[in-house]
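In: Fold the following and give me the result.
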Amino acid sequence: MKLLTPKLLAALLPFLGGGCGGGHDHDHSHGGHGHGDHADEATPEEVTLSAAAVKQHDVRDDAVSRRTLLPTISIPARVAFNEETTAHVGTLASGRISEMKVHLGHTVKKGDVLFVIESPELGAAQNAFLQALNAEAAAVPALALARNNAGVVKAEADVKSAEALLAFAVNPAAVNQAEAKLDAARASEALAKNKATIARAQGKLAAATPVEKQARGLVESGKKLAESGAIAMKELRRREAVLQIAVAEVQAAQAAIDQAKAQQERDLRSAEAQLQTAAAEVVQAKAQRKRDTVAAQAKITAASAALKAAGAKKEKELGVATSGLSTARASVATARNKLQLFGMADEDVDKLAKTSRISPQYVVRAPRNGTVVEREVTLGENANSNQPHLLILADLSKVWVLMEVPPANAIGLKAGQSVSHVNKETGYHTETVLEYVSPVVDPETRTVQARVELENTKGQWRPGQFLTVRLPTGKPSTETIAIPAKAVQFVDGQPTVYLPTKKDNTFKMRSIAVGAEVDGWLPVLHGLKVGDKVVINGSFLLKAEFGKAGAGHDHTH
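Out: Next up, the predicted model:
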């Protein structure tokens, strides 16, 4: 039987009074022999713990169940910043740190001022920008003057005047008026030839003739019927009145036809006379237009030659002025871009252009929310763009845990698998899943890089600290009866568990056979069945109690 250490016995004695029965003061000295001489001593079947011992050592039991065991491996890991939410802040302008707004541990928001650099380099760039603006301002009126060349303006006016004369000559009012009269005469002739009035009169005659013929037939038949007494005389008189009206309408339609034909003849003679007169006027107007066109074209030729000469002179002067303005504007753009590269916002550059007030303070702002975790500069120190970074911001709400896994153990590892992390210093434990497993082996460390991301809102994980990570390795076993490894104590080399009895705080021991430990669990080969209650926490106390009881109860008291 293994011996208990003095420290363990000292810690357990206040709670083991019930183990020796009745609280008697027993003499546990064994004279001149050691524990090895008690191999034949009987181990008690049960022991009873005091309620205080159960509570202090958190003695707990649980039912035995079946489970699938997944082999794991423990590897060292370290907490690191999340590189995707880390910002290395530097400077593009050299100078002296004149203001330091943050210190290590400060939490900032995006846009907050971190530090200010008094930069002669920035001041020189601002001055160059103002000089470029002045050059641009001088080039603008020079270009306007070149564009408004007086000689070209006069020549253009002469060309426009000649073009106006030509336009007037090509389409003079006399031709328009004569052609308008000719068009009116043609319209009058067309109107005179129009037989619409005659056609309407003929239509009325055509409509009235059948009516008159029908009315006449009704009168003739009415006379015969009246003589025979078939109709009344009154009806005959009505028919005769209708006949008179129809005859009148036929006569009126015939008269209208004769009148329309006479009027058409008169209109045709008048229209022909107007047409001849208008045609003569058109011929005369066109002849005059030709003479005016020749004169206007001569003026255009002379004015165009003068314009071409003035234009050549203007183009030369305009080219010089345009080149000067383009150069000035390019200088302004270059100077503005340099200021923007120094981090000046557009509104600050515009303000400089408006006020011409140089401000060489280079303000460095936070590019993102985060905590200042590293600072390389202090107030009054010189800084320049060659330094990798002056300050590091990190979002500590989430951190990475980086692992270097031996290739043999990385087989089968993939993102999404469950892993556990234990902080060796605090014992803080968390479960999470693999976020990334490198597809290649690192050529320097000859390991496979793996990573998880942990929530760190409480700050329990600190970048730089080391952890122990348990990763799955191999294939899971088939379902088997298993108990926590800490539930098993080895008594004389035999795996042993402790089972609660029906009595309060009373336990019995049982030897079992177990397989190899898998991730804190032991498969039970025999000795337990599903549903058996086993002490899973505080079993070491029961081992000590059973050992103490077995060593003492066979003595002669």
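In: Contact partners for S359?
Out: G123, Q126, L352 (CB atoms under 8 Å, 6 or more residues apart in numbering). C-beta coordinates here come from the backbone N, C-alpha and C atoms, glycine included.
In: Which of these ranks first by neighbour count?
Out: Neighbour counts for these (other CB atoms under 10 Å) peak at Q126, which has 25 neighbours.
In: Helix, strand, or coil at it?
Out: Classification of Q126 by DSSP: H, G, I helix; E, B strand; the rest coil places it in helix.
In: Looks like it contacts Q361 (just checking).
Out: No. Distance between Q126 and Q361: 10.6 Å, which falls outside the contact criterion (CB atoms under 8 Å).
In: where's L318 relative to A310, distance?
Out: Using CB to CB, to the nearest Å, we find L318 at a distance of 12 Å from A310.
In: Give me the common contacts of those two.
Out: N149.
In: sorry, back to before: among the contacts of S359, which one lies nearest to P463?
Out: For these, the closest approach to P463 (CB to CB) belongs to G123, at 38.6 Å.
In: quick one: pLDDT of the nearest residue to that closest one once chain neighbours are set aside?
Out: Spatially, and ignoring its direct neighbours in sequence, G123 is nearest to P360 (3.3 Å; CB to CB, 6 or more residues apart in numbering). Among the per-residue scores, P360 holds a pLDDT of 86.
In: got it, and P14?
Out: 40.
In: can you check A232 too?
Out: If you check A232, the pLDDT there is 82.
In: ditto for V108
Out: With respect to pLDDT, V108 has a value of 92.
In: so what's the closest residue to it other than its chain neighbours up against?
Out: For V108, the nearest residue in space outside its immediate sequence neighbours is A366; the separation is 4.5 Å by CB to CB, 6+ apart. If you count contacts by CB under 8 Å, 6+ apart, A366 has them with A87, V89, V108, K109, K110, G111, D112, V113, L114, L393.
In: 10 Å - rerun?
Out: Contact criterion CB atoms under 10 Å, 6 or more residues apart in numbering gives 87, 89, 101-102, 107-114, 372, 391, 393 as the residues in contact with A366.
In: Let's have the contacts of S359 in JSON lines, adding pLDDT and distance to L70.
Out: Supplementary listing: the contacts of S359 in JSON lines, determined by pLDDT from 0 to 100; distance: CB to CB, whole Å:
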{"residue": "G123", "pLDDT": "87", "distance to L70": "66"}
{"residue": "Q126", "pLDDT": "86", "distance to L70": "65"}
{"residue": "L352", "pLDDT": "87", "distance to L70": "66"}
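In: Export these as JSON lines, with columns for distance to N337.
Out: Formatted as JSON lines, the contacts of S359 follow (distance: CB to CB, whole Å):
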{"residue": "G123", "distance to N337": "17"}
{"residue": "Q126", "distance to N337": "13"}
{"residue": "L352", "distance to N337": "14"}
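In: So which bits of stretch 391-402 are buried?
Out: Under the neighbour-count criterion of 16 or more other CB atoms under 10 Å, stretch 391-402 has L391, I392, L393, A394, D395, L396, K398, V399, W400, V401, L402 buried.
In: swap in stretch 138-152?
Out: Of the residues in stretch 138-152, those with enough neighbours to count as buried (16+ other CB under 10 Å) are A139, A142, L143, A146, N149, V152.
In: Secondary structure element holding the first one?
Out: When elements are defined using DSSP states H and E, A139 is found to belong to helix 120-147.
In: C-terminal to that helix, what's the next element?
Out: Heading C-terminal from helix 120-147, the first helix or strand you meet, by DSSP H and E, is helix 150-170.
In: chain center to that following helix: distance?
Out: Its chain's average C-alpha position is 60 Å from that of helix 150-170, according to CA atoms, centre = their mean, to the nearest Å.
In: Export only the CA atoms of it, formatted as PDB.
Out: This file holds the C-alpha atoms of helix 150-170, laid out as PDB (Å, rounded to 0.1, in the frame of the first residue of the first chain):
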ATOM      1  CA  ALA A 150      -8.100  91.800 -80.300                       C
ATOM      2  CA  GLY A 151      -6.900  91.000 -83.900                       C
ATOM      3  CA  VAL A 152      -8.800  87.700 -83.900                       C
ATOM      4  CA  VAL A 153     -11.900  89.400 -82.500                       C
ATOM      5  CA  LYS A 154     -11.900  92.000 -85.200                       C
ATOM      6  CA  ALA A 155     -11.200  89.500 -88.000                       C
ATOM      7  CA  GLU A 156     -14.000  87.200 -86.600                       C
ATOM      8  CA  ALA A 157     -16.400  90.200 -86.600                       C
ATOM      9  CA  ASP A 158     -15.500  91.000 -90.300                       C
ATOM     10  CA  VAL A 159     -16.100  87.400 -91.300                       C
ATOM     11  CA  LYS A 160     -19.400  87.300 -89.500                       C
ATOM     12  CA  SER A 161     -20.400  90.600 -91.200                       C
ATOM     13  CA  ALA A 162     -19.500  89.200 -94.600                       C
ATOM     14  CA  GLU A 163     -21.300  85.900 -93.800                       C
ATOM     15  CA  ALA A 164     -24.400  88.000 -92.800                       C
ATOM     16  CA  LEU A 165     -24.300  89.800 -96.200                       C
ATOM     17  CA  LEU A 166     -24.000  86.500 -98.000                       C
ATOM     18  CA  ALA A 167     -26.900  85.100 -96.000                       C
ATOM     19  CA  PHE A 168     -29.000  88.100 -96.800                       C
ATOM     20  CA  ALA A 169     -27.900  87.800-100.500                       C
ATOM     21  CA  VAL A 170     -28.600  84.100-100.700                       C
END
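In: Same question for it: list its buried residues.
Out: Of the residues in helix 150-170, V152, A155, E156, D158, V159, A162, E163, L165, L166, A169 count as buried by neighbour count, 16+ other CB under 10 Å.
In: Out of the contacts of A366, which is nearest to A51?
Out: Looking at the contacts of A366 and their distance to A51, the nearest is T107, at 48.9 Å (CB to CB).
In: And that closest one, its phi and psi?
Out: Dihedral angles of T107 (phi, psi; degrees, to the nearest 10) stand at phi -100, psi 130.
In: who does it bridge with?
Out: With DSSP bridges applied, T107 shows beta-bridge pairing to T371.
In: shouldn't it be in contact with G370?
Out: Yes. Taking CB atoms under 10 Å as the definition, T107 is a contact partner of G370 at 7.3 Å.
In: any common contacting residues for these two?
Out: Between them, T107 and G370 share the neighbouring residues L393, D395, L396, with contact defined by CB under 10 Å, 6+ apart.
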